[in-house]
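Asker: when you get a sec, could you give me coordinates for this:
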Amino acid sequence: MNLALVLFLVTIFPFVLTVFLLRWMLQSRLMKIAIDLPNHRSLHTVPVPRTGGVAVMVATLSSWVLIWQPWSMTLVVCTLLLMALSLVDDVRGLAAGWRFVGHFVVAGVFMGLALPSVSIWAMVALAVAIVWMTNLFNFMDGADGLAGGMALFGFAAYAIASWLAGSDQLALICMAIVASATAFLLYNFHPARVFMGDAGSIPLGFLAAVIGLLGWQSGVWALWFPVMVFSPFIVDATITLIKRLLRGEKIWQAHRSHFYQRLVLMGWGHRTTAIAEYILMVLVGSSAVLLIGQSLLMQWLGLGCWLLVYASLLLMVDRMWKKTVQ
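Answerer: Predicted coordinates for the structure are as follows:
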């Protein structure tokens, strides 16, 4: 297939299709099937449709079909299953237990089909990691432009690293996600006209995990790379979860204790918080790409430096929050 045509199919096509679908959905009754009503735990003040993620995933999967490769069948099927399950959750609501069962089933299907040579214990550990990444992306989808930005910059880092390593197909499927996420941000950056919803955030979290594993399996990057690329979400969600567990809170209930939520509540607002997160995402993603070709010592030093940066940032936000609530 002609290179120019391929690039069109994974960039311009998903971007335009996402815009078209969002414009059409915003003017139709479809946006009314799932409305996010503001409550004491949310950061928005007016009802907002939360089915924008459907447009992102439909555009992404459509572009993948147009550049079809036999191995991509597993990705498409698993993503469709998660999108369908999550759309039902957006519209009707599902118990947390059933959601997690569905996520583990899909993670198991992926592991069985895409990574059959992995040992049983490694398979269990990786399945848990996939489910955690799947859900933390959803946990972090609570401020305008945040999840869309993480998809844009995170999968862009994946695409660049794949391209540099000569893994063109992996780069192309990531570029399609980047294009769709960029189009979504036109409607989701503050003030958001549409939210991603579980039908978008759950599949994106899943793809962040499994594409990271596919790149690791094919030797494109080490296992630390996808963790570092998506560390802005991983660190916030994981530390917040641990703190809530220690306080004895119900972790499956909605809340406003994420670090990004505190920044919004402290007066940073959606725009400033999103821009600050974007800068962090770009810096982390760029560092991760640059570290791939370095020695093992340099990679560990780079990871250590970012651990110190995150510890400093989290402590700073905690101190600011304590002063605000006093």
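
Asker: can you tell me what sits against stretch 86-99?
Answerer: 33-34, 50-51, 53-54, 85, 197-203, 252 (C-beta atoms under 8 Å, 6 or more residues apart in numbering). The C-beta positions use only the backbone N, C-alpha and C, and glycine is treated the same way.

Asker: mind picking the lowest-pLDDT entry from those?
Answerer: Among the contacts of stretch 86-99, Trp252 carries the lowest pLDDT, at 65.

Asker: just give me the longest helix of this structure.
Answerer: With secondary structure taken from DSSP state H, the chain has its longest helix at helix 296-325.

Asker: how about that one: buried residues?
Answerer: Of the residues in helix 296-325, those with enough neighbours to count as buried (16 or more other C-beta atoms under 10 Å) are Gln299, Gly302, Leu303, Trp306, Val309, Tyr310, Leu313, Val317, Trp321.

Asker: which one of those residues sits closest to Ala107?
Answerer: Nearest to Ala107 out of these is Leu303 (C-beta to C-beta; 25.5 Å).

Asker: distance check, the closest one against Ser286.
Answerer: The spacing between Leu303 and Ser286, counted by C-beta to C-beta, to the nearest Å, is 14 Å.

Asker: what does Thr134 give?
Answerer: 25 Å.

Asker: try Asp198
Answerer: Asp198 is 30 Å from Ser286, where distance means C-beta to C-beta.

Asker: and the two? which has more neighbours close in?
Answerer: Asp198 (28 against 15; other C-beta atoms under 10 Å).

Asker: how far away is that one from Trp64?
Answerer: Asp198 sits 21 Å away from Trp64 when distances are taken as C-beta to C-beta.

Asker: got any ranges where this protein has weak pLDDT?
Answerer: Low-confidence segments of the chain (pLDDT under 70): 1, 3, 30-31, 34, 36-45, 69-71, 251-255, 326.

Asker: if I look at Ile67, how far off is Val101?
Answerer: Distance, Ile67 to Val101, using C-beta to C-beta: 33 Å.

Asker: these two: which has the busier surroundings?
Answerer: Between Ile67 and Val101, counted using other C-beta under 10 Å, Ile67 has the larger neighbour count: 17 against 13.

Asker: ok, Gly108 - contacts?
Answerer: Contacts for Gly108 were tallied using C-beta under 8 Å, 6+ apart; they are Ala127.

Asker: before we move on, back to that, which strands and helices sit next to the longest helix of the chain?
Answerer: Under the contact definition 3 or more C-beta pairs under 8 Å, 6 or more residues apart in numbering; DSSP states H and E, helix 296-325 sits against helix 224-229, helix 231-246, helix 259-263, helix 269-291.

Asker: list the buried residues for the last one?
Answerer: Meaning helix 269-291. Under the neighbour-count criterion of 16+ other C-beta under 10 Å, helix 269-291 has 269-270, 273-275, 277-278, 280-281, 284-285, 287-289, 291 buried.

Asker: wait, Met175 sits on Val10?
Answerer: Yes. Met175 is within contact range of Val10, at 4.6 Å (criterion: C-beta atoms under 8 Å).

Asker: can you give me how far the longest helix of the chain is from the chain middle?
Answerer: 21 Å (C-alpha atoms, centre = their mean, to the nearest Å).

Asker: please apply the same query to stretch 258-267.
Answerer: For stretch 258-267 - counting by C-alpha atoms, centre = their mean - the centre lies 19 Å from the chain centre.

Asker: please apply the same query to stretch 89-104.
Answerer: So, by C-alpha atoms, centre = their mean, the centroid of stretch 89-104 is 18 Å from its chain's centroid.

Asker: related to what we said a few turns ago, mind putting the helices and strands packed on helix 296-325 into CSV with distance to Ile120?
Answerer: Rendered in CSV, the data for the helices and strands packed on helix 296-325 read as follows (distance: least, C-beta to C-beta, whole Å):
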stretch, distance to Ile120
helix 224-229, 22
helix 231-246, 25
helix 259-263, 36
helix 269-291, 30
